[in-house]
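Chemist: sequence and predicted model, in that order:
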There are 4 protein chains.
Amino acid sequence: MGSILRATARILTRDGYEGASTNRIAEVAGVSVGSLYQYFPSKDAIVAALIDAHCEEMFEVFRRELAAVAGADLEAAARAVVAAQIEAHKVNPKLHRVFLEQLPKVGMLKRFHEIGRRSEALVRTYLEARREEMRPANLDLAAFLLVTTVEAVTHAAVIDQPERLDDPDFIPEVTALCVRYLAKGSGPPRG
Amino acid sequence: MGSILRATARILTRDGYEGASTNRIAEVAGVSVGSLYQYFPSKDAIVAALIDAHCEEMFEVFRRELAAVAGADLEAAARAVVAAQIEAHKVNPKLHRVFLEQLPKVGMLKRFHEIGRRSEALVRTYLEARREEMRPANLDLAAFLLVTTVEAVTHAAVIDQPERLDDPDFIPEVTALCVRYLAKGSGPPRG
Amino acid sequence: MGSILRATARILTRDGYEGASTNRIAEVAGVSVGSLYQYFPSKDAIVAALIDAHCEEMFEVFRRELAAVAGADLEAAARAVVAAQIEAHKVNPKLHRVFLEQLPKVGMLKRFHEIGRRSEALVRTYLEARREEMRPANLDLAAFLLVTTVEAVTHAAVIDQPERLDDPDFIPEVTALCVRYLAKGSGPPRG
Amino acid sequence: MGSILRATARILTRDGYEGASTNRIAEVAGVSVGSLYQYFPSKDAIVAALIDAHCEEMFEVFRRELAAVAGADLEAAARAVVAAQIEAHKVNPKLHRVFLEQLPKVGMLKRFHEIGRRSEALVRTYLEARREEMRPANLDLAAFLLVTTVEAVTHAAVIDQPERLDDPDFIPEVTALCVRYLAKGSGPPRG
DNA sequence: AATGAATGAGAATTCATTCAT
DNA sequence: GATGAATGAATTCTCATTCAT
């Protein structure tokens, strides 16, 4: 079971979805195709299990890092969300990329949306706890925007433009993006 | 040839990637498989051409809408960027979705990253023209963050959570996210 | 083992030959595949044993019913043969059908031919005991024709056209077919 | 197309259903598997087409021989039915046997039942034309019994006990079986 | 005796691509 | 240029059978 998932992950990161035939997975896993089908009902099920495990891992990193700053102020919390997402993306960037770039089956992506929503829930809980400090009235929308934004920016940086992470301004600026959006007192000099 | 691309787009949006075999594309296009291979060297080339055309269309919408507010103030420009991205995603959402969710070939996604970068360039030009109004020192980073953010938020809304677009707060809040990040005078109470 | 045969029969009648894999048989029988192979050398052997048991049951019904009219006259005996065959086919019609319609292995059918021959022997014995009443000189051929005929007609009725059995003429006519063939005095006007 | 059917027939008669894999059929036919699937949607479709052709051939022989004695008397007609069935079974006995002994799919057999019914229709028409000579009141049942009987007896002889055909009594006796059943005046000396 | 995980040959089917006409 | 029949490697999945425990 574990060896099958590990073999699949390995093939996926090396050769992409194309190379991951069930026979090849079995071969790399050092088991027979028959055994593979004793543990997983289909090829898709293997990939799905792998995605689930990956998502769970990422979410766990995110959840833990966020929990660590539950009591901190807005700025610290924002910074934590950003750092958490970056860390979560570092769990297995190559595999992450393959999942998002090469998954031909509808439904695979839904598993990713799910961690998005679960992340939103965590963030919303934090925001609601400090509602009086928050400018946005709709905290549900705010959580959606924050999570989507930080995930996108993080993803783009970690996966596509790793040099962005070397920019010392990166984390501060992403944090600013969040904080200035959320913080009550602030705002552009209207008019 | 146009009929081949049109047929491919039609099959892709109707039946997804699975249904798009070269024989079926040729059939729907009303040509023979042989002819198909006279115009495109491979199946991937057809899909690539289709993606290119789609991206070009999206970028053109974005470019045009942005140009229209080239002289406007920050708030208006931000709102324009947001609206532009939403419009761009409405060019052919079904096809857009298929491209991003079902394409098992490496490299297809890179074509999408490209419009991202071209969009960034446009935005950076705008930002630089009003540098003195801008809080961020690194306008390249700012452009990256803005474009990535607005694209992600727009994409998530248009493709995955269409009900978000019905929320009257949506565009204002996304605009706020951009403007408060950019505007000089603003900032959290802290400083 | 009985439970294995019972499980096989159950699967065969419910799901047909396709569903009867050794693993499924073992599962339904409540034993392990390994145990299954301790009792039967192969899957074919299980099916063969099942056929044998089924044929034996059918033959036993036939034999018993025929014996009951051993002393009766020709007409009664003929009617008994017919009734016996009908009863024999009612032993387990579903299983009977599966055996004859879905068994892809050479040699399975031979087991059915065997009861045919054994039935012929019984009938021949009866005919010989009343040789002087019989028109046919070749009682071996007569027995073959009778058994084959009654089996075919019965089979077609029970298995394929059950409504035939509701026809009150059915048994009398089949009996007539036999008796008129056998009886000495009778014959077409011609001679 | 023809070569595929011919190859299938050849494999079926030589090695039985087991040996007839699509790859093997294609190989023997001298075409590629791909071509095979260009002509037939599935393996079953090939076998079905083969059965249909075989049944049609058999039925045609039967129909023609019966037509030839349409005007003849009962005895001659009966003899013709018998001879027709024997000839029909000689069309391709080996293939016939395979079809009836090794066809694992339900529905294949139905195609055989169909020629049975079509044969019954022909026979019934003949019987009705000479209704006044006939003893049985129910000519539908009579046709069913005759066709089923002659088919069974013929089949058993041609396929399973070829030596029966060498018996000079065989055809006369089968004819007697039919004629004595049908002919009006005759009958066992009741009581 | 019993177990059931492991085996792996083999089956049906697909589909991008070619090339003779 | 256009055609479309032919190709055949490759894919997913099954299942009778084995054998170490």
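Modeler: Yep, that arrived.

Chemist: list the contacts of the closest residue to A:Tyr126 other than its chain neighbours.
Modeler: Spatially, and ignoring its direct neighbours in sequence, A:Tyr126 is nearest to A:Ala77 (6.2 Å; CB to CB, 6 or more residues apart in numbering or on different chains). All C-beta spots, glycine's among them, are computed from the backbone N, C-alpha and C. Going by CB atoms under 8 Å, 6 or more residues apart in numbering or on different chains, A:Ala77 touches A:Leu66, A:Val69, A:Tyr126.

Chemist: go through the helix or strand hosting the first one and flag the buried ones.
Modeler: Assigned by DSSP states H and E, A:Leu66 belongs to helix A:43-68. Burial within helix A:43-68, assessed by neighbour count using 16 or more other CB atoms under 10 Å in any protein chain shown, is assigned to A:43, A:46-51, A:54-55, A:58-59, A:61-63, A:65-66.

Chemist: just the closest of those residues to D:Pro168, please.
Modeler: Minimum distance to D:Pro168 across the buried residues of helix A:43-68 is 66.1 Å, recorded for A:Lys43 (CB to CB).

Chemist: isn't the closest one up against A:Asn23?
Modeler: No: using CB atoms under 8 Å, A:Lys43 is not in contact with A:Asn23; the gap is 10.3 Å.

Chemist: closest point of chain A to chain C, which residue?
Modeler: A:Gln38 (10.4 Å; CB to the nearest CB).

Chemist: burial measure for that residue, as a count.
Modeler: Other residues lying near A:Gln38 total 12 when counted by other CB atoms under 10 Å in any protein chain shown.

Chemist: am I right that it is in a helix?
Modeler: Yes: counting by DSSP: H, G, I helix; E, B strand; the rest coil, A:Gln38 is found in a helix.

Chemist: of the contacts of A:Ala77, closest to DNA strand F?
Modeler: Lowest distance from DNA strand F to the contacts of A:Ala77 (CB to the nearest atom of the strand) belongs to A:Leu66, with 37.6 Å.

Chemist: if I pick the closest one, what's in contact with it?
Modeler: Shown in contact with A:Leu66 (CB under 8 Å, 6+ apart): A:Ala77, A:Ala80, A:Val81, A:Ala84, A:Leu122, A:Val123, A:Tyr126.

Chemist: count of neighbours near the second one?
Modeler: This means A:Ala80. 20.

Chemist: which helix or strand contains it?
Modeler: helix A:74-89.

Chemist: so how far is that helix from its chain's centroid?
Modeler: Computed by CA atoms, centre = their mean, to the nearest Å, the chain-centroid distance of helix A:74-89 equals 12 Å.

Chemist: what do you get for stretch A:60-68?
Modeler: 12 Å.

Chemist: for stretch A:44-63, same thing?
Modeler: For stretch A:44-63, the distance to the chain centre is 10 Å (CA atoms, centre = their mean).

Chemist: how about residues contacting it?
Modeler: A:4-5, A:8-9, A:12, A:20, A:22, A:25, A:36, A:40, A:84-85, A:87-89, A:91-92, A:95-96, A:99, A:103, A:105, A:108, A:111-112, A:114-115, A:118-119, A:122.

Chemist: next SSE downstream of the helix holding A:Ala80?
Modeler: Counting by DSSP H and E, the next helix or strand C-terminal to helix A:74-89 is helix A:93-102.

Chemist: near DNA strand F, anything from that following helix?
Modeler: No: Helix A:93-102 is not in contact with DNA strand F by CB under 7 Å from any atom of the strand; minimum separation 12.9 Å.

Chemist: counting by contacts, list what that helix packs against.
Modeler: helix A:2-19, helix A:43-68, helix A:108-129 (3 or more CB pairs under 8 Å, 6 or more residues apart in numbering or on different chains; DSSP states H and E).

Chemist: mind listing residues that contact that helix?
Modeler: With CB under 8 Å, 6+ apart as the test, helix A:93-102 has contacts from A:9, A:12-13, A:16-18, A:50-51, A:54, A:58, A:89, A:108-109, A:112, A:155, A:158-159, B:103-106, B:108-109.

Chemist: what's the neighbour count on the residue in chain A that chain D sits nearest to?
Modeler: The minimum distance from chain A to chain D, using CB to the nearest CB, falls at A:Asn23 (17.2 Å). For A:Asn23, the neighbour count with other CB under 10 Å is 10.

Chemist: same question for A:Gly71.
Modeler: Using other CB under 10 Å: A:Gly71 sits among 9 other residues.

Chemist: next: the one 5 residues further on.
Modeler: A count of neighbours around A:Ala76, defined by other CB under 10 Å, yields 14.

Chemist: and the nearest residue to it once chain neighbours are set aside, what does it touch?
Modeler: Spatially, and ignoring its direct neighbours in sequence, A:Ala76 is nearest to A:Val69 (5.5 Å; CB to CB, 6+ apart). Contacts for A:Val69 (CB under 8 Å, 6+ apart) come out as A:Ala76, A:Ala77, A:Arg79, A:Ala80.

Chemist: can you list the buried residues in the worst-scoring helix or strand of chain A on mean pLDDT?
Modeler: Using mean pLDDT, DSSP states H and E, helix A:93-102 stands out as the lowest-scoring helix or strand of chain A, at a mean of 81. For helix A:93-102, the neighbour count (16+ other CB under 10 Å) marks A:Leu95, A:His96, A:Arg97, A:Val98, A:Phe99, A:Leu100, A:Glu101, A:Gln102 as buried.

Chemist: could you list the residues of chain A in contact with DNA strand F?
Modeler: Looking at DNA strand F, the residues of chain A close enough under CB under 7 Å from any atom of the strand are A:Ala20, A:Ser21, A:Thr22, A:Asn23, A:Arg24, A:Val33, A:Gly34, A:Tyr37, A:Ser42, A:Lys43, A:Asp44.

Chemist: quick one: pLDDT of the residue in chain A that DNA strand E sits nearest to?
Modeler: Proximity of chain A to DNA strand E (CB to the nearest atom of the strand) peaks at A:Gly34, 1.7 Å away. If you check A:Gly34, the pLDDT there is 93.

Chemist: and it, how many neighbours?
Modeler: 8.

Chemist: so how far is A:Thr22 from it?
Modeler: Applying CB to CB, to the nearest Å, the value for A:Gly34 to A:Thr22 is 10 Å.

Chemist: report the contact partners of the spatially closest residue to A:Gln85 that is not a sequence neighbour.
Modeler: Leaving aside its chain neighbours, A:Gln85 sits nearest to A:Thr154 (4.2 Å; criterion: CB to CB, 6+ apart). Shown in contact with A:Thr154 (CB under 8 Å, 6+ apart): A:Val82, A:Gln85, A:Ile86, A:Ala88, A:His89, A:Val174.

Chemist: so how far is the helix or strand containing A:Glu27 off the chain centroid?
Modeler: According to DSSP H and E, A:Glu27 maps onto helix A:22-29. Averaging C-alpha positions (CA atoms, centre = their mean) puts helix A:22-29 28 Å from its chain's average.

Chemist: how about A:Ala70, secondary structure?
Modeler: Here A:Ala70 is recorded as coil under three-state DSSP.

Chemist: wait, it sits on A:Tyr126?
Modeler: Yes: in this structure A:Ala70 lies within contact range of A:Tyr126 using CB under 8 Å: 6.9 Å.

Chemist: export the buried residues of helix A:93-102 to JSON lines and tack on distance to D:Phe144?
Modeler: Listed next are the buried residues of helix A:93-102 as JSON lines, based on distance: CB to CB, whole Å:
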{"residue": "A:Leu95", "distance to D:Phe144": "69"}
{"residue": "A:His96", "distance to D:Phe144": "71"}
{"residue": "A:Arg97", "distance to D:Phe144": "71"}
{"residue": "A:Val98", "distance to D:Phe144": "67"}
{"residue": "A:Phe99", "distance to D:Phe144": "65"}
{"residue": "A:Leu100", "distance to D:Phe144": "68"}
{"residue": "A:Glu101", "distance to D:Phe144": "67"}
{"residue": "A:Gln102", "distance to D:Phe144": "64"}
